[in-house]
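J.: give the three-dimensional model of this entry:
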Amino acid sequence: MIASAVVVRLAAIAALILIAAGTARAQVDPFEFEVYPYQTLGMGMAELETLNSFVPKGHSTGDDGTSSGSYPSNHMYRTALELTYGLTERIEGAAYLNLAHPNGASLQYAGSKFRLRGSLFEQDELPINLGWYVELEWHRTPQFDTTQLELELRPIIEKDYGRFEIDLNPKFEKAIFVGPDKNEGFEFGYAAGIYYRALRELSPGLEFYGGIGLIDDNDPLDRQQHYIFPVLQGELAGGFEYNFGAGFGLTRGSDRIITKLNLECERFLGVLLKSAVGP
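T.: So this is what the prediction gives:
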């Protein structure tokens, strides 16, 4: 009975996410299908992660689906290399290198990102765990994204119900300083996840990603993007963690199918860096 009530409550929260999206146009970030939890890296620890996605069934023209440039999304492979370092016990910094392989073209540099993420209060001190996230994204190649410089802000909200974990990441994005969109307001998007901690090596979950455009001028529903990803995640031998899944577009503006594979290594890299800098 308790498990059934939890499932119903989680489904209601997921539905609210999609309903709220109907009132708020952010482009889904296809280089980072990842939902952030409350917990950050410990001070002095480092993590290397590779975020990979492939669109087996997308759009055949540019600026549709997950494409924000002239390259079409169909058969697009993207990878982001992320290096994260714990600056304090509650704040981490990260740098990303984005690479993409359009259909029929070679692997190309697509841009860079830099971010800070932190946690607020002690874990479980409040009924929900709260964090924050600030990101600066630089799109050097307009064929992948015509917005040259973009600021992203997101609160991080986490709540546990027994073995279930809920992570909510509302996203507020704005083009800044340069480009034709620099005078426009904030766009709204979201990333969210519901996970069931079954086994350390293998646990299921559902992730949700979407974007609806400018807060004061939403995209029509058929132009918005909304995805649901059934995922499997867990920890492998040697300190490696994975998150794998297939995403399904829920609107005409979405790509039909996207696959993703995230791999991260914290333990080995962190030990190496700690050894290098000393106690």
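J.: contact partners for the residue nearest to Thr146 when sequence neighbours are not counted?
T.: With Cβ to Cβ, 6 or more residues apart in numbering as the criterion, Thr146 has its nearest non-adjacent residue at 5.8 Å, and that residue is Gly69. Just so you know, the C-beta spots here come from the backbone N, C-alpha and C atoms, and that holds for glycine as well. Contacts for Gly69 were tallied using Cβ atoms under 8 Å, 6 or more residues apart in numbering; they are 62-63, 141-146.
J.: tell me where the stretch 101-250 of the chain has strands.
T.: Taking DSSP state E, counting those that start in this stretch to define them, one finds strands in the stretch 101-250 of the chain at 108-120, 129-138, 149-161, 164-175, 187-196, 203-214, 217-218, 225-235, 240-249.
J.: and the ones you listed, which one is worst for confidence?
T.: In terms of mean pLDDT, the lowest-scoring of the strands of the stretch 101-250 of the chain is strand 217-218 (a mean of 88).
J.: reformat the contacts of Gly69 as TSV; add distance to Asp167 and neighbour count.
T.: Written out in TSV, the entries for those read as follows (distance: Cβ to Cβ, whole Å; neighbours: other Cβ atoms under 10 Å):
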residue	distance to Asp167	neighbour count
Gly62	32	17
Asp63	30	15
Thr141	31	16
Pro142	32	14
Gln143	32	17
Phe144	27	25
Asp145	26	25
Thr146	30	17
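J.: just flag the most distant two among the residues you listed.
T.: Spanning the widest gap among the contacts of Gly69 are Asp63 and Thr141, at 14.3 Å by Cβ to Cβ.
J.: and the residue positioned nearest the centre of the chain, what element?
T.: The central residue of the chain, meaning the one whose C-alpha is nearest the mean C-alpha position (Cα atoms, centre = their mean), is Glu34 at 3.3 Å. Under DSSP states H and E, no helix or strand contains Glu34.
J.: that one: what's it in contact with?
T.: Listed by Cβ under 8 Å, 6+ apart, the contact set of Glu34 reads 51, 191, 243, 262.
J.: so which of those residues comes closest to Leu168?
T.: Ranking the contacts of Glu34 by separation from Leu168, with Cβ to Cβ as the measure, puts Ala191 on top at 8.3 Å.
J.: what about that closest one, how many residues close to it?
T.: For Ala191, the count of nearby residues is 25 (other Cβ atoms under 10 Å).
J.: also Phe244?
T.: Other residues lying near Phe244 total 16 when counted by other Cβ under 10 Å.
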